[in-house]
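*Asks:* just a sequence and a predicted model for now, questions to come.
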2 protein chains.
Amino acid sequence: MLVQKYKDMLSAKSVIRQLSEFATARGAEIGYENVFDYSLGNPSVPTPREVTDAMVRMLREEDPMTLHGYSPSLGIPSVRKAIADYLKERTGLPYGMEHIFMASGAAGALAHAFRLVAEPGDEILTFAPFFPEYHPYVDLSGAVLKVVPPDTESFQIHFEAFERMLSPKTMAVLINTPNNPSGVVYSADTLRKLADVLKRRSEEYGHIIYLISDEPYREIVFTGVDSPWVSSFYDNTILCYSYSKSLSLPGERIGYVAVNPACGDAVDMIQMCGQISRGIGHNCPPSLIQLTVAEVQGKTADLSVYEINRDILYKELTELGFTCVKPGGTFYIFPKAPEEDAKAFCQKALRYDLVLVPGDTFGCPGYFRMAYCIDTEKVKRSLPALRKFVKEEYSM
Amino acid sequence: MLVQKYKDMLSAKSVIRQLSEFATARGAEIGYENVFDYSLGNPSVPTPREVTDAMVRMLREEDPMTLHGYSPSLGIPSVRKAIADYLKERTGLPYGMEHIFMASGAAGALAHAFRLVAEPGDEILTFAPFFPEYHPYVDLSGAVLKVVPPDTESFQIHFEAFERMLSPKTMAVLINTPNNPSGVVYSADTLRKLADVLKRRSEEYGHIIYLISDEPYREIVFTGVDSPWVSSFYDNTILCYSYSKSLSLPGERIGYVAVNPACGDAVDMIQMCGQISRGIGHNCPPSLIQLTVAEVQGKTADLSVYEINRDILYKELTELGFTCVKPGGTFYIFPKAPEEDAKAFCQKALRYDLVLVPGDTFGCPGYFRMAYCIDTEKVKRSLPALRKFVKEEYSM
């Protein structure tokens, strides 16, 4: 018998995928360049030259037996060391390779993090607006994802709601800063308060509440924005990182888990990740890709286009009268829709070939997401359509 | 709180790993070339030139945005199609891309297969001797692995024991042919009988018992050995394949799930794999590696060394008086130890710098495994040590 829960999932259609399919179909009609597709969070700049060069060099010069050989289940030691050295230099925290576990992208890293700290039935709290895949990631691990309602003024943390939702069943809190979909970066003040709450509640409940920090957008932070190192605020932090966005390598599935060295069980936790891998078919990320990222620590793709696009869109949206928190990073912006039903708003936008994603998808109805990882030229060309849309439909 | 079951696993030492660590340590003393390390099943021949060339060409010529872009969760369509075309041509079964799910190696493929058909508490049966990682793979999915005792005469299936162990809780049967550790290839007769039993019991229990066929050694079959296509014998077969051994790419984590087109739910099952992925952090294998294997369908590394080594070892072992089923494929041989306690036998062998793995590890006490994926020259140099060992210790 096929397992029903997975079969049932087949009929649930992803809103983002449907919108993206609309964009593709509409593109076939009028040319994709004329569809203002803000639906997908796919990097729009190529991986840096150094990545390609490193791969070609290794393929040409290294022994293929070593290059393509089995990686230990925790990752290739030299790669783990290169990452630990980089993190240590960058943060001042005493990272060593024993604190690093190589994972297949952020999804792989998170799959390990959840299983490290939550048994079936345990609760993991996250904050709206949030990346919708957190639901299958957590739910299918057996744990329960609880979503704290948003502070829509700032898209920082709604602490009052958070305190109400914490319970002895809370084993971890999951944050994502810089945030998809809001583009907001959590401030030092937010992180300090968060750490205080977690320390107090851990003590009260007699067990550690871990902080799982999902940071694929860590390197996409705009001029003048302070982006504090989450792990510095709270010892029991499990950092989940992916190179998908910073190096524009989303298809190569490479990232890591880094447990704060100050966390008492850090070394055991990394070893435990190797055991968790055996149960979920993970094993290790591809060796060629592991070895590649080790060679380009601290490098990124040219991410400047995202800030340029942010500037254009933020200016236009606020001038048009949208309520909108200014993104500090990522390639997303999350304005308030001019009618209560953001789904209806996004549906109407399609008539103007504007593909926007309703905030309902991110646990935040009434708002909508624009993923501006597209060419600046296209962003500019979309502005007249945006103006026409809100003028005709909302008299804005 | 950290999840205890993973913490507990840290203290369990893998026998193969311990032996491999011994080999490394001893190698540091006397030179690794003097340690006859038969412990690890790592390919000993390089990936074919075509693999490296395909990768370099794509890195140099293809658009990096496409090359390293997100793969759909079922895999890149052109890759799935290339594999389906190859399977169709090779087997005559009507495979289409809708029957193929790209997975991160056999471990990734199996992780999906188990979750497709078994809920927590359901039973999956396999046959001793078996790959020991099946235990964590199945157990940590929540299902229960039951091991049918071996037919040590032939290392085909012990049907009497099998029939006794089947029950309404059996949701799948897991086979591995060519087999690790025995090197035996299941005959057409075995597969026919197996299919008959599965059909009969499926009907009796009122639910399909799926056949999960783990085939990473499919291409390593020796001269004159018939290696029938498992899926041809039973409609409800889920084939799990990895390129690790055939293309000597174990570190690159690439393989697939192929559901027999004759299986009624084949297309849904592939779609369900995409849902299972979301829960286990799998997403998809790296795009560069997917695109590479699509270009070299039907190619293999030069696998001839394994047959040469098999010939040398089988001749020597039988001449020395060992009871031994002649391997039809893989790079393993699984002779009977000359004393009941194979662990003691393997321990004594270490004094002669022979690193052998006791059959207990594979659910088959009294036997031992030699992984002859090493240079032929080293195999030859190991023979005097082997002779000396069995003469001195067992008067063979």
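*Replies:* Done, it's in.
*Asks:* pLDDT weak spots in the stretch 101-250 of chain A?
*Replies:* Applying pLDDT under 70 to the stretch 101-250 of chain A flags no residue at all.
*Asks:* so which bits of it are right by chain B?
*Replies:* A:103-105, A:107-112, A:115-119, A:133, A:136-137, A:139-141, A:171, A:207-208, A:248-250 (CB under 8 Å from any CB of the partner chain). C-beta coordinates here come from the backbone N, C-alpha and C atoms, glycine included.
*Asks:* among those, which are located in strands?
*Replies:* Within those, residues falling in strands by DSSP state E are A:103, A:171.
*Asks:* quick one: buried ones out of the residues of the stretch 101-250 of chain A next to chain B?
*Replies:* For these, a neighbour count by 16 or more other CB atoms under 10 Å in any protein chain shown gives the buried set as A:103-105, A:107-112, A:115-118, A:133, A:136-137, A:140-141, A:171, A:208, A:248-250.
*Asks:* tell me the buried residues in the helix or strand where A:Arg60 lies?
*Replies:* Assigned by DSSP states H and E, A:Arg60 belongs to helix A:49-61. Within helix A:49-61, the residues scored as buried using 16+ other CB under 10 Å are A:51-52, A:54-55, A:58-59.
*Asks:* in a markdown table, list these along with distance to B:Glu160.
*Replies:* Listed next are the buried residues of helix A:49-61 as a markdown table, based on distance: CB to CB, whole Å:
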| residue | distance to B:Glu160 |
| --- | --- |
| A:Val51 | 57 |
| A:Thr52 | 58 |
| A:Ala54 | 57 |
| A:Met55 | 54 |
| A:Met58 | 53 |
| A:Leu59 | 52 |
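*Asks:* the residue lying closest to A:Val225 once chain neighbours are set aside: what's it in contact with?
*Replies:* Nearest residue to A:Val225, sequence neighbours excluded (CB to CB, 6 or more residues apart in numbering or on different chains): A:Gly328, at 3.8 Å. Taking CB atoms under 8 Å, 6 or more residues apart in numbering or on different chains, we find A:Gly328 in contact with A:178, A:183-185, A:221-222, A:225, A:227.
*Asks:* can you give the domain ranges for chain A?
*Replies:* A:4-47+A:302-394, A:49-295 (automatic domain parsing).
*Asks:* which of the ones you listed sits most buried?
*Replies:* With neighbours defined as mean count of other CB atoms under 10 Å in any protein chain shown, these peak in mean count at domain A:49-295, which reaches a mean of 21.
*Asks:* quick one: terminal-to-terminal distance for that one?
*Replies:* With CA to CA, to the nearest Å as the measure, the first residue of domain A:49-295 is 12 Å from its last.
*Asks:* give the contact list for the most centrally placed residue in chain A.
*Replies:* Taking CA atoms, centre = their mean, the centroid of chain A lies closest to A:Pro216, which sits 4.8 Å from it. By CB under 8 Å, 6+ apart, the contact set of A:Pro216 is A:106, A:241-242, A:244-246, A:255.
*Asks:* which residue packs closest to it, ignoring adjacent ones?
*Replies:* A:Ser242 is the one closest to A:Pro216 (CB to CB, 6+ apart), at 4.2 Å.
*Asks:* for A:Ile209, see how far away A:Asp235 is.
*Replies:* 12 Å (CB to CB, to the nearest Å).
*Asks:* any idea which of the contacts of A:Pro216 is closest to B:Lys81?
*Replies:* Nearest to B:Lys81 among the contacts of A:Pro216 is A:Ser244, at 25.4 Å by CB to CB.
*Asks:* and the closest one, helix, strand or coil?
*Replies:* coil (DSSP: H, G, I helix; E, B strand; the rest coil).
*Asks:* OK, contacts around it?
*Replies:* By CB under 8 Å, 6+ apart, the contact set of A:Ser244 is A:43, A:105-106, A:216, A:250, A:252, A:254-255.
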